[in-house]
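> mind folding the following:
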Amino acid sequence: MDERLRFVARLLEGEPMTDVCRDFGISRKTGYKLFERYKEDGPVALCDRSRRPVRYANQLPAQLERLIVSSKKEKPNWGARKIRELLVRRLAGDMRIPAISTIHATLDRHGLVKRMGKRRRKATGTALSPGTAPNDLWCADFKGEFKLGDGRYCYPLTITDHASRFILECEALESTREEPVIAAFGRLFAERGLPAALRTDNGLPFASPNGLYNLSKLSVWWLRLGIAVERIRPGHPQQNGRHERMHLTLKQETTRPPGLNPIQQQERFDAFRDEFNRERPHEALAMKCPADLYRPSSRPYDGLPEVEYPFHDRDALVTACGRICMHRKKINISTVLAGQKLGIKEVDDGIWLVSFLAYDLGYIDLEQRTLQTLDNPFGTRLSPMS
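Just a heads-up that it's a prediction; the model follows:
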């Protein structure tokens with residue numbers, strides 16, 4: 001259990017807020033804020049959830065794994081299907097024979113499978129908007145991680161309004177995993193409304209190097225909410241220069257020295273954000289403070305809107321493993337779109353166009369059972385429902 005959960009646990013046991021805050025070295029204001037967040041969102045608001053699986057796939061008894069490897073070495077040109085048949089004959093019901101995919105994965109772990117060369121999409125960035133009015137454009141990033149006094153690492157998630165320089169959020173997270181980042185954006189959207197666009201770099205969790213068109217589950221969620229997604233070019237942090245400049249000030253004033261624990265560090269971030277927004281004059285704003293210019297968005301956050309495809313032949317829901325089913329055939333799409341509804345339209349005999357929102361992802365050939373992608377529809381303009 002991490003520091004924040006221990007803090008809440010003591011309050012739930014009936015200890016006075018003043019005593020608990022004193023022991024953790026934080027103010028009562030920060031203590032009440034943390035406790036209210038727990039009461040609203042539960043433990044997920046306090047710490048990251050582990051994604052370690054309960055069980056491990058393709059885990060076999062050592063004896064059986066050695067037999068699979070030795071069989072492959074005896075028959076180097078045989079694939080997993082033939083190796084499995086060989087095991088069936090040799091073991092003759094003495095042991096349960098694993099699936100073909102499990103045998104293939106075992107061979108792959110031992111370097112006995114030739115991998116096909118896989119083309120990787122290189123991140124190229126997108127067109128960038130000027131963001132001249134509040135909530136036209138928000139910028140998000142992770143300031144570089146640093147070590148706290150207790151030896152743990154802190155990963156500050158920072159979000160600012162581009163036009164007003166207003167710091168919308170600076171949250172001390174324990175990792176860059178998607179789940180706590182989505183939770184942080186959900187709270188922020190509920191409080192401030194939705195921006196027209198969000199600008200980030202090409203790193204996790206904002207983008208995924210292995211996802212379809214470098215999308216991540218986070219960016220797919222933004223698109224569903226009608227938020228345009230902008231990405232700077234790799235190696236060009238100056239394209240998010242205002243945000244990076246704020247990071248320099250944030251580092252100077254909140255991390256030297258760092259807080260003893262995540263709660264203390266969050267208190268420093270909160271104090272810095274209040275001062276930066278409401279007290280610190282900004283030369284580029286004619287010596288006004290960001291709070292003098294920023295106003296909440298007029299677009300409320302009401303959850304995900306329904307998705308409809310009136311100009312397509314049918315809808316298809318992407319399964320948890322990233323597939324859609326058509327005519328009793330399973331076609332791989334992408335796990336980043338798991339749970340999303342796609343539009344399917346037949347454009348030629350046996351050839352189907354696949355779309356997500358207003359974006360055409362590619363074509364499906366039912367004989368090949370694969371998605372043949374098009375030029376990146378998110379490369380030049382990421383503006384949903386336009």
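> torsion angles phi and psi at L198?
phi -130, psi 130 (degrees, to the nearest 10).
> tell me the bridge partners for it.
Here L198 sits in beta bridges with W138, V229, going by DSSP bridges.
> give me the neighbour count for it.
Neighbours of L198 under the rule other Cβ atoms under 10 Å: 25. Using the backbone N, CA and C atoms, a C-beta is placed for each residue, glycine as well.
> list the contacts for it?
Contacts for L198 (Cβ atoms under 8 Å, 6 or more residues apart in numbering) come out as L137, W138, C139, A140, W222, I227, A228, V229, E230.
> care to break the protein down by domain?
Following automatic domain parsing, the chain resolves into domains at 62-109, 125-293, 314-373.
> how far away from the center of its chain is the shortest one?
Here domain 62-109 shows a centroid-to-chain-centroid distance of 37 Å under the convention Cα atoms, centre = their mean, to the nearest Å.
> that one: end-to-end distance?
13 Å (Cα to Cα, to the nearest Å).
> how about the strands in the stretch 51-200 of the chain?
138-142, 146-147, 153-161, 167-173, 197-200 (DSSP state E, counting those that start in this stretch).
> which one of the ones you listed lies nearest to G131?
strand 197-200 (7.1 Å; Cβ to Cβ).
> quick one: the closest one to chain centroid distance?
Worked out by Cα atoms, centre = their mean, strand 197-200 lies 14 Å from the chain centre.
> C-terminal to it, what's the next element?
Downstream of strand 197-200, the next assigned helix or strand under DSSP states H and E is helix 217-224.
> so where's the longest helix in the protein?
Secondary structure of the chain per DSSP state H: the longest helix is helix 262-278.
> list the buried ones in it?
Residues 262-270, 272-273, 276-277 are the ones in helix 262-278 that count as buried (16 or more other Cβ atoms under 10 Å).
> now those in TSV, with distance to A196 and pLDDT?
Listed next are the buried residues of helix 262-278 as TSV, based on distance: Cβ to Cβ, whole Å; pLDDT from 0 to 100:
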residue	distance to A196	pLDDT
P262	32	94
I263	34	95
Q264	36	96
Q265	31	96
Q266	29	96
E267	32	96
R268	31	96
F269	26	96
D270	27	96
F272	27	96
R273	23	96
F276	23	96
N277	21	96
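> which of those sits closest to I159?
R273 (10.5 Å).
> wait, the closest one sits on C170?
Yes. Counting by Cβ atoms under 8 Å, C170 is a contact partner of R273 at 5.3 Å.
> shared neighbours of these two, which are they?
Joint contacts of R273 and C170 (Cβ under 8 Å, 6+ apart) do not exist.
> ok, P290 to H282 distance?
Using Cβ to Cβ, to the nearest Å, we find P290 at a distance of 7 Å from H282.
> more neighbours, those two?
A count of neighbours by other Cβ under 10 Å puts P290 above the other of P290 and H282, at 24 against 15.
> who are the packing partners of the helix or strand D292 falls within?
Using DSSP H and E, D292 sits within helix 290-293. In terms of contacts (3 or more Cβ pairs under 8 Å, 6 or more residues apart in numbering; DSSP states H and E), helix 290-293 is packed against helix 262-278.
> how many neighbours does I333 have?
24.
> and K39, by the same measure?
By other Cβ under 10 Å, neighbour count at K39 equals 9.
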